[in-house]
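Novice: Turn this into a model:
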Amino acid sequence: MKFGGGCLRDSRAFAQAGAIVAGEKHIPAILERLAEKHLAVIGASRLAAARDRRLRLAIAAQLAEVRRLLTGTAYHGDLTPAVRAKLLSFGERMAARLLAGLLNSRGVPAQALDAHCAGICTDDNFENASIDRELTRKKLGARAAPLLRLGVVPVISGFFGRSPRGAVTLLGRNGSDYSAAAVAYAVKAERLEIWKDVDGFMSADPGRVATARRLERISFAEAAELSYFGAKILHPRTMEPLAETRTRVFVRNMKDPNSPGSEIVAAPPFRCPEVAGIAANTHLAVIRLHGAGIGSKPGLLAGVSSLLAEAGINIHSVLTSQTCINLLLDPADARRALRKIKALANGVIKKVEIEEHLALIGVVGDRIMEKAGIYARIFAAVAREKINVEMAAAGASPVACYFLVKRTDLDRAVRAVHDEFFP
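Specialist: Alright, predicted model coming up:
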């Protein structure tokens, strides 16, 4: 919150600024808006009186818990990662109850299950937790199996789970995809359908490339890499729980239920194209460590990685040379990482700088490493647009290569590569 001089001109103005910052008085209004949204869904569902009343009481109980958490946070003036994770889980909890209530009203027996109680087991990371696949199969399978035998549909909240210490943990952006795959693994599902508001995986972002086309079938590896490089269809780790199973995975469009969407298969599709798709990510920053012989200094990169890991900062990728180490990070972590690395700087690290105006383009395909000339075609297409490639890497994954350009050149670069492989 920024208050200009005109907003702090006298004692009354200071009092008003203080009232805006002190958030406790706003909690009732926030909860009222949340209640209105959820109760509107209940009202539109036209449930039987007894079921309507039970569902309203369930939502009220959830909002009462939110009130306690918000009030405690306002009182202490501190939002811990544990409390933040718990707070952010309530949207999913209430949505599961609403959907279960709606299913019951339509004659489909259903029961809402909160993920952390149902058995979605994770590590201790509050913001970006990893699912323990085998423990989840054991616990969630035991909880869901009796319901399934009775013909009851379990409606399980996504996006969060439970740590070994019993705390609520979040699975990160699009985390419900990841938890859905874990549930499919736990119950040995033959098929997993992930419903979105798009037709499935596309050859490129339609917002950048008007001629982008739907991909009927892609491999697990291609889906994972496209998601990692910026295609916002799935959580990048969605396919992990199902990598060694026969579960068929489909991404389908809720706005067009008749569309087949995209199927994700374990093995590459027969006669797959060299390139399955192109993804782009503007949400990154690059930190460069300069110094003579910096790339061959034993333990230096390990030390930097450990330092950032201790601060909870994830390194997306590393590109090294004899005189420079480039770290690709989330922009939200970049400035903090810069300060920590500068504090570490010694005789080897001569200069540390940050670049925040780059974009990453990932070109993904199961045959990308097999056929000669693929990389030449990619960079020739970019060069024809007179776009400079700032950095590039290949070989880290057998199905992907990536390169960085200035953000101002991103759309033209994506279109150039797409036109080359999808004429």
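
Novice: Residue 354 is in contact with residue 335, correct?
Specialist: Yes: with contact defined as CB atoms under 8 Å, residue 335 counts as touching residue 354 (7.3 Å). Glycine gets a C-beta too; all of them are placed from N, C-alpha and C.

Novice: any weak-confidence spans in the stretch 251-400 of the chain?
Specialist: Counting by pLDDT under 70, the stretch 251-400 of the chain contains low-confidence ranges at 268-272, 345-346.

Novice: and what of the stretch 51-200 of the chain?
Specialist: In the predicted model of the stretch 51-200 of the chain, no residue satisfies pLDDT under 70.

Novice: Show me where it has its strands.
Specialist: 110-113, 153-156, 160-162, 168-170, 191-196 (DSSP state E, counting those that start in this stretch).

Novice: out of these, deepest packed?
Specialist: strand 160-162 (a mean of 27; mean count of other CB atoms under 10 Å).

Novice: what's it packed up against?
Specialist: helix 115-118, strand 168-170, helix 175-186 (3 or more CB pairs under 8 Å, 6 or more residues apart in numbering; DSSP states H and E).

Novice: at 7 Å what do you get?
Specialist: Other helices and strands packing on strand 160-162, by 3 or more CB pairs under 7 Å, 6 or more residues apart in numbering; DSSP states H and E, are helix 115-118, strand 168-170.

Novice: what lines up beside the last one in the sheet?
Specialist: If I follow you right, that is strand 168-170. strand 160-162 (antiparallel) (DSSP bridges).

Novice: re earlier: with distance to residue 139 as added columns, please give the helices and strands packed on strand 160-162 in TSV.
Specialist: Formatted as TSV, the helices and strands packed on strand 160-162 follow (distance: least, CB to CB, whole Å):
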stretch	distance to residue 139
helix 115-118	8
strand 168-170	15
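
Novice: do you know which of those lies nearest residue 141?
Specialist: helix 115-118 (10.2 Å; CB to CB).

Novice: The nearest residue to residue 165 once chain neighbours are set aside: neighbour count?
Specialist: Spatially, and ignoring its direct neighbours in sequence, residue 165 is nearest to residue 124 (6.6 Å; CB to CB, 6 or more residues apart in numbering). Number of residues near residue 124 (other CB atoms under 10 Å) recorded here: 12.

Novice: the strands in the stretch 201-350 of the chain, which residues?
Specialist: With DSSP E, counting those that start in this stretch as the criterion, the stretch 201-350 of the chain has strands spanning 217-219, 248-253, 262-265, 277-281, 285-290, 315-320, 324-329.
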